[in-house]
Structures are given as structure tokens and as C-alpha cells.
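In: sharing a model prediction with you, sequence too.
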Amino acid sequence: MSTPNFEIPTEFRDFADKSVDQARNAFGTFLNGAVKTSEQLRTSANTVQSTLHAAMLKGLDHAKTNADTTFDYAQRVVRAKDVREAFELQSEFVKTQFAALQAQFKEYGALAQSAAR
């Protein structure tokens, strides 16, 4: 018994061949996009980690500065000769600390802006 020789039409083979090429290209584009996205996420994660580390170090630096300033203030107050001098020291301390806190907040704002970029 002989089997009939069925030939696939050229147009159909060309269409199928083009479809496979298009699918291969589409999948390649998808994979390239996935790789780029993964790299961007890694870069973003590194940036966030670096920014958090910088913010933590900045916070520790500010805490030390603020503590040193407060201890210096306390030492001057206990050495004050009278109440008037103690009030003057307190007024100076409040002004100085307020300015320091404003500067510190600006530094944190700059860190946040650099992280957002």
C-alpha cells in the first residue's frame, strides 16, 4: 500500500517560517526588557541602600553633634553665676539648636531628593 505524497504548500511554509521568526524576535525583545528591568531594579536597590546608609550615618553624626552641644550647654548653665546668665545661655542655646535643626533637615531633604533621582 502506498501512502499519498501530501506536500505542504510553499505559502503555508513561508507563513509558518515567518511566524516562528516573529515569535523568536518577540520573545527576544521580552527577555531583553526583563533583563533591563532587572538591572534597573538592582541599580535602584543599590541607590536606596546607599541613600539609607548615608542617612543613617548623617543621623548618627547629627545625634553626636546635638548631644555634644547639649552637654556643653548644660555645663555652662551649671557654671552660671546668676539666673539672668542662665536665661541668656538658654536663649542662645535655643536659637543655636533651632538653626542646627533647620540645617539638618535641609541635609535630609537633599538626601531624599538625590535618592528620588
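Out: Noted; the coordinates are in hand. Here the structure is a predicted model, which is why all the values come from computation and not from measurement.

In: residues in contact with the residue most central in space within the chain?
Out: Closest to where the C-alpha atoms of the chain average out (CA atoms, centre = their mean) is V48, at 2.6 Å. Residues in contact with V48 (CB atoms under 8 Å, 6 or more residues apart in numbering) are A115. Yep, even glycine has a C-beta here, placed from its N, CA and C like the rest.

In: for H62, see how far away it is.
Out: Remark: distance between V48 and H62 (CB to CB, to the nearest Å) = 21 Å.

In: do the same with A23
Out: For A23, the distance to H62 - CB to CB - is 57 Å.

In: what do you get for F15?
Out: Using CB to CB, F15 is found at 69 Å from H62.

In: do the same with A80
Out: From A80 to H62 the distance is 27 Å (CB to CB).

In: if you count what's nearby, which of those two comes out ahead?
Out: H62 (17 against 14; other CB atoms under 10 Å).

In: need phi/psi at the more buried one.
Out: Dihedral pair for H62: phi -60, psi -40, per degrees, to the nearest 10.

In: OK, contacts around it?
Out: Going by CB under 8 Å, 6+ apart, the list of residues near H62 reads Q104.

In: distance check, it against D68.
Out: From H62 to D68 the distance is 11 Å (CB to CB).

In: could you do N46 as well?
Out: Taking CB to CB, one finds N46 at 33 Å from D68.

In: show me the helices in this protein, by range?
Out: Remark: helices assigned in the chain by DSSP state H are 10-78, 83-116.

In: now do the shortest one against helix 10-78, angle only.
Out: Think helix 83-116. Using axes from the mean of the first three to the mean of the last three CA atoms, to 10 degrees, the inter-axis angle of helix 83-116 relative to helix 10-78 is 170 degrees.

In: pLDDT (mean, whole number) over helix 83-116?
Out: Averaging pLDDT along helix 83-116 yields 90.

In: so for that helix, what gets flagged as buried?
Out: Residues of helix 83-116 classed as buried by neighbour count (16 or more other CB atoms under 10 Å): L89, F93, Q104, E107.

In: helices or strands next to it in the packing?
Out: helix 10-78 (3 or more CB pairs under 8 Å, 6 or more residues apart in numbering; DSSP states H and E).
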